[in-house]
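Asker: Attaching a predicted model along with its sequence, questions to come.
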Amino acid sequence: MGDLKQLYLKEINKFSKKMVYLEKENLYLNIKYRTKVDNKKAIVWISGYNDFFYHIYVADRILENNMDLWIIEFDNFGENLNKKNTPLHIENISDLILQVKETIKFQQKEKEYEKRYLYGHSLGGLIALMYSKKYPKEINGLILNSPLLHCSVSSIFLTYILILCTIILGKIPKVNEIKISKKSNKEIIEKIQESHYLDFNMFVINPSISLKLMHDIYNEISKLKNSKIKCNIPTIMFSNNYNYSRKSNEVKGEHILNVKKMEDYSYKFIQNLKIYKVDNGLHDIFSSDPIIIKECLDVLISWSKNN
């Protein structure tokens, strides 16, 4: 594992870095990017919850195919940890949208592009959709990787819970955390660890998610679902063919989202949509086995040439 960590550090150091401090919100945004002079397109990469960019095997393929790569490392995610909060602590989902906006503002100062694609995994997929709805002229395409597009809990139910907490505590609770399964999360991380270069100290083995953030997420999904105007930006979505069964000893398939609901909801949100499904992928398709990663990269690159 030491050799893999050194290889990861060697590859990640090929990226330029820019730290942006948002004083009003007290947020530290870390932007990483690799560019080539002649590239006219760019992918802006938004990771999921408890996630960060370690997909260095993706970067070379993207650059070789005439696209630059820009990575958003949100405040308190991945390597961008600070001491002001616990890891992964997010006050408002709007803070994530703001950090995407600041990244694109910085990008526009550095280089002009003919086309800009937003890549989003899991929660990052929801953020990408929200951003493209708010700033459609800035985005030419969406690349969604197992996006968080369906609610398994009613936002109305969460609203009542928040009100109840407020009445009991006398204020809106800032951190009412719901624990995510430690066993299943550890299994997935160990599965990725077998074949990828990264420092797993940057993952939180037993992450929490605040009740306020869950409420925001479900409200935003409901807004997308009920919107009369669909997103008409060209979109490709990568998804597993089936859900992960905890009865099996093998960690494969979607382990967080309901695949069918994710696909059904995506058609309600997105007008110009292509779905590419794979067998035996992980929740993060681009953290799956190398054969699956290569297959999906081929599809992504082909799609980008036509969009």
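Answerer: That came in fine, so what should we check first?
Asker: And stretch 287-301, how far out from the chain middle?
Answerer: With Cα atoms, centre = their mean, to the nearest Å as the basis, stretch 287-301 stands 17 Å off its chain's centre.
Asker: do the same with stretch 296-307
Answerer: On Cα atoms, centre = their mean, the centre of stretch 296-307 falls 19 Å from the chain's centre.
Asker: What residues of that stretch count as buried?
Answerer: Neighbour-count burial for stretch 296-307, counted by 16 or more other Cβ atoms under 10 Å, picks out Cys296, Leu297, Leu300, Trp303, Ser304, Asn307. Yep, even glycine has a C-beta here, placed from its N, CA and C like the rest.
Asker: how many neighbours does the nearest residue in space to Val58 that is not next to it in sequence have?
Answerer: Excluding the flanking residues, the one nearest Val58 by Cβ to Cβ, 6 or more residues apart in numbering is Phe286, at 6.0 Å. The number of residues packed near Phe286 is 22, by other Cβ atoms under 10 Å.
Asker: what does Asn13 give?
Answerer: By the criterion of other Cβ under 10 Å, Asn13 has 9 neighbours.
Asker: Repeat that for the one 10 residues further on.
Answerer: In terms of burial, Glu23 registers 6 neighbours under the definition other Cβ under 10 Å.
Asker: For it, give me the pLDDT.
Answerer: Reading off the confidence values, Glu23 has pLDDT 91.
Asker: Distance check, it against Leu29.
Answerer: Glu23 is 12 Å from Leu29, where distance means Cβ to Cβ, to the nearest Å.
Asker: can you check Lys228 too?
Answerer: Remark: distance between Lys228 and Leu29 (Cβ to Cβ) = 33 Å.
Asker: Show the average pLDDT along the helix or strand Leu69 falls within.
Answerer: Element membership for Leu69, per DSSP states H and E: strand 67-73. Mean per-residue pLDDT for strand 67-73: 96.
Asker: Can you give me the buried ones in that strand?
Answerer: Quick answer for strand 67-73 (16+ other Cβ under 10 Å): Met67, Asp68, Leu69, Trp70, Ile71, Ile72, Glu73.
Asker: May I have the residues that are in contact with the nearest residue to Asp264 once chain neighbours are set aside?
Answerer: Once flanking residues are discounted, Asp264 sits nearest to His150: 7.7 Å by Cβ to Cβ, 6+ apart. For His150, the contact set (Cβ atoms under 8 Å, 6 or more residues apart in numbering) comprises Ile221, Leu257, Asn258, Lys261, Met262, Asp264, Tyr265.
Asker: The first one against Leu126, yeah?
Answerer: Looking back up the chat, that one is Ile221. Yes: if you go by Cβ atoms under 8 Å, Ile221 and Leu126 touch, sitting 6.8 Å apart.
Asker: Between those two, which contacts overlap?
Answerer: Counting by Cβ under 8 Å, 6+ apart, the residues touching both Ile221 and Leu126 are Leu148, Leu149.
Asker: now the angle from the helix or strand hosting Leu96 to strand 67-73?
Answerer: Leu96 is part of helix 93-110 when elements are defined by DSSP H and E. On the basis of axes from the mean of the first three to the mean of the last three Cα atoms, to 10 degrees, helix 93-110 is oriented at 140 degrees to strand 67-73.
Asker: Just the CA trace of the helix or strand Asn30 falls within, in PDB.
Answerer: Secondary structure from DSSP H and E places Asn30 in strand 27-34. Once non-C-alpha atoms are left out, strand 27-34 reads as follows in PDB (Å, rounded to 0.1, in the frame of the first residue of the first chain):
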ATOM      1  CA  LEU A  27     -15.300  28.200   3.300                       C
ATOM      2  CA  TYR A  28     -12.000  26.900   1.900                       C
ATOM      3  CA  LEU A  29     -12.300  25.700  -1.700                       C
ATOM      4  CA  ASN A  30      -9.500  23.700  -3.300                       C
ATOM      5  CA  ILE A  31      -9.300  23.600  -7.100                       C
ATOM      6  CA  LYS A  32      -7.000  21.200  -8.900                       C
ATOM      7  CA  TYR A  33      -6.600  21.200 -12.600                       C
ATOM      8  CA  ARG A  34      -4.600  19.800 -15.500                       C
END
